[in-house]
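**Q** I'll drop the sequence and a predicted model, then ask my questions.
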Amino acid sequence: MKDILVRTRGLKKYYQVGDQTVKALDGVDLEVREREFVSIIGKSGSGKSTLLHMIGGLDVPSEGQVIVDGMNLEKMNREALALYRRRKVGFIFQQYNLIPDLNVYDNILFPVELDGRQIDKNFIRELMEVLNISNKKEMLPSMISGGEQQRVAIARALGAKPSIILADEPTGNLDTMASHDVIGLLKILAKEYQQTIILITHDGDIAQMADRIVRIEDGKIRKGSEPYAGK
């Protein structure tokens, strides 16, 4: 049995909007094991993106804990959290978030350079070849298609060799064929490099490509969807 890599306990995130308390997360207990591919599915506003941001250390809970590889994120200071995000987690977002003035290659290298680490050029070259973007190396993001930009975003996330990939609606701007191609490649690469994927989606077909589907409704995991069922 693989070890548990990510665990949330009683995770809550409440917002005050006027006189109303919005419960974005309302007591979420979740476990994700090493090298598991989990998709989290739910309607807009169900809390799935908030959960992903908590796991990624981008937001802090109102209550509860996020424990990753034995580390309690609540006990980390700002510097430790920044280091955690740079080295432990690779983020892939719907909007790609590429730097417009940097070419494809420099966009991919940016997180590693920011962290001051040595660049594994052979690894980066391999990623670009597998993702079929080697011939786009010198191009700016505005010069390539949406599908190609998402592949660059994937290469950037994987290039720092994180143990966890957090993907928030990564195919939301792509057509069906491109979406399946991108997720298929992500799954292959994560398996090859022994990475864990937590993917947010509203697309049932995309969700089915994961080892396990977790459904979230009104800030809570729907009963029966949370046990480990990895392949």
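**A** Perfect, I can see it now.
**Q** any idea whether the residue positioned nearest the centre of the chain is helix, strand or coil?
**A** In the chain, the centroid-proximal residue (C-alpha atoms, centre = their mean) is Leu166; its distance is 1.0 Å. Secondary structure, DSSP: H, G, I helix; E, B strand; the rest coil: Leu166 is strand.
**Q** quick one: it and Ile92 touch, right?
**A** Yes - Leu166 lies in contact with Ile92 (C-beta atoms under 8 Å); the separation is 7.2 Å. (Glycine included, C-beta is placed from N, CA and C.)
**Q** Please name the nearest non-neighbouring residue to the residue nearest to the centre of the chain.
**A** Gly56 (4.9 Å; C-beta to C-beta, 6 or more residues apart in numbering).
**Q** Please state the offset of stretch 203-219 from the chain centre?
**A** 14 Å (C-alpha atoms, centre = their mean, to the nearest Å).
**Q** and what of stretch 101-112?
**A** Taking mean C-alpha positions (C-alpha atoms, centre = their mean), stretch 101-112 and its chain are 19 Å apart.
**Q** Quick check: next helix or strand after the worst-scoring helix or strand of the chain on mean pLDDT?
**A** Ranked by mean pLDDT, DSSP states H and E, the weakest helix or strand in the chain is helix 176-192, scoring a mean of 85. Remark: after helix 176-192, the chain's next helix or strand is strand 196-201, criterion DSSP states H and E.
**Q** now that following strand and strand 164-168, what's the angle there?
**A** 0 degrees (axes from the mean of the first three to the mean of the last three C-alpha atoms, to 10 degrees).
**Q** Show me which positions of the following helix or strand past strand 196-201 end up buried.
**A** Using DSSP H and E, the helix or strand that follows strand 196-201 in sequence is helix 204-207. Across helix 204-207, burial judged by 16 or more other C-beta atoms under 10 Å covers Ile206, Ala207.
**Q** And stretch 8-20, by the same measure?
**A** By neighbour count on 16+ other C-beta under 10 Å, the buried set for stretch 8-20 is Thr8, Arg9, Leu11, Lys12, Lys13.
**Q** so which pair among these is furthest apart in space?
**A** Spanning the widest gap among the buried residues of stretch 8-20 are Arg9 and Lys13, at 13.7 Å by C-beta to C-beta.
**Q** could you dump the least confident helix or strand of the chain to CSV, C-alpha only?
**A** Extracted in CSV, the C-alpha atoms of helix 176-192 (Å, rounded to 0.1, in the frame of the first residue of the first chain):
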residue,chain,number,x,y,z
THR,A,176,-12.5,18.1,-26.4
MET,A,177,-9.7,16.4,-28.4
ALA,A,178,-7.0,18.8,-27.1
SER,A,179,-8.3,18.3,-23.5
HIS,A,180,-8.0,14.6,-23.7
ASP,A,181,-4.6,14.8,-25.3
VAL,A,182,-3.3,17.1,-22.6
ILE,A,183,-4.7,15.1,-19.7
GLY,A,184,-3.4,11.9,-21.2
LEU,A,185,0.1,13.3,-21.5
LEU,A,186,-0.1,14.7,-18.0
LYS,A,187,-1.0,11.3,-16.7
ILE,A,188,1.8,9.5,-18.6
LEU,A,189,4.4,12.0,-17.5
ALA,A,190,3.3,12.0,-13.8
LYS,A,191,3.4,8.2,-13.8
GLU,A,192,6.9,8.2,-15.4
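**Q** Having no further points to raise, I will conclude here.
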